[in-house]
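>>> any chance you can model this:
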Amino acid sequence: MAAAAALLLAVLAAVAGLAEALRHPRTIEPVAEPAAVEDPREEVVCDDVPQPRSGEPIVVDSGVLLDCPGRYDGRLVAYEGEVVGAVLERDDGSWVQLNDDPYAGELGPLPTHRQFRGGNAGIGVHLPPAVAGQIASVGAHDHRGDVLAVVGVYHQSDPRSGEVAIIRATGGEVVAAGAPIDHPPLEDRRLVGGLLAAAALGLLLAGRLRARR
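Presented below is the predicted three-dimensional model:
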């Protein structure tokens, strides 16, 4: 009886360990990790904002907008990112989150790998109806969203909505369409699944043989 209990506990511990390991599977094609840097983003230096020609926007990314918000407050900027989360419709337009982190590009959504890069934040953008109407795909764990390029005024604190670190776009267009993310079955999961099925069948047969004796 004690031996059977010990065996059962060992099986449960093994299953728990396998389940935890499979929650965070290895990437199919591992991305090389930096040698000694946890966060490979380049440090943002808040220098003077470049002065574009009259009427032209300043090309920015989420790094400079979030790290140096006062430098760009009230300035006309050009920003590009993947539409993620949801499109929130309002009377005067729609709110979206545009993510320009690597998770929106070459790496894909964080739950599908263990390669940590940057803050995965992006920028909130208020879109006029004509621009919001172009969006056909929103990013999620199994789908890439449309990539939207917008031009508008950046607000460190928006006086109309009270939101912080947002862009009120005056124009924009979809520059890349979204698409499903292919999640091929992992061979290690197939192997473990087969082993667990065989172990369960073996325990079942052993129990029935014991009951017949």
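
>>> which one is residue 78 nearest to, not counting chain neighbours?
residue 57 (4.0 Å; CB to CB, 6 or more residues apart in numbering). C-beta: built from backbone N, CA, C; applies to glycine.

>>> should've said residue 145
residue 139 (3.1 Å).

>>> my guess is that neighbour meets residue 84, correct?
Yes - Residue 139 is within contact range of residue 84, at 4.0 Å (criterion: CB atoms under 8 Å).

>>> who has more neighbours, these two?
Neighbour count, other CB atoms under 10 Å: between residue 139 and residue 84, residue 139 has more, with 24 against 21.

>>> for that one, phi and psi?
phi -70, psi 140 (degrees, to the nearest 10).

>>> tell me the SS of residue 63?
helix (DSSP: H, G, I helix; E, B strand; the rest coil).

>>> how close does it get to residue 101?
9 Å (CB to CB, to the nearest Å).

>>> those two: which has the busier surroundings?
residue 101 (21 against 17).

>>> low-confidence ranges in this structure?
1-9, 11-13, 15-44, 50, 52-53, 102-120, 183-192, 213 (pLDDT under 70).

>>> hey, where'd the helices end up in it?
2-23, 62-67, 69-72, 129-132, 187-212 (DSSP state H).

>>> ok, the residue nearest to residue 66 when sequence neighbours are not counted - contacts?
In this structure, residue 66 finds its nearest non-sequential neighbour in residue 165, 6.0 Å apart by CB to CB, 6+ apart. By CB atoms under 8 Å, 6 or more residues apart in numbering, the residues touching residue 165 are 65-66, 69, 123-124, 154-156.
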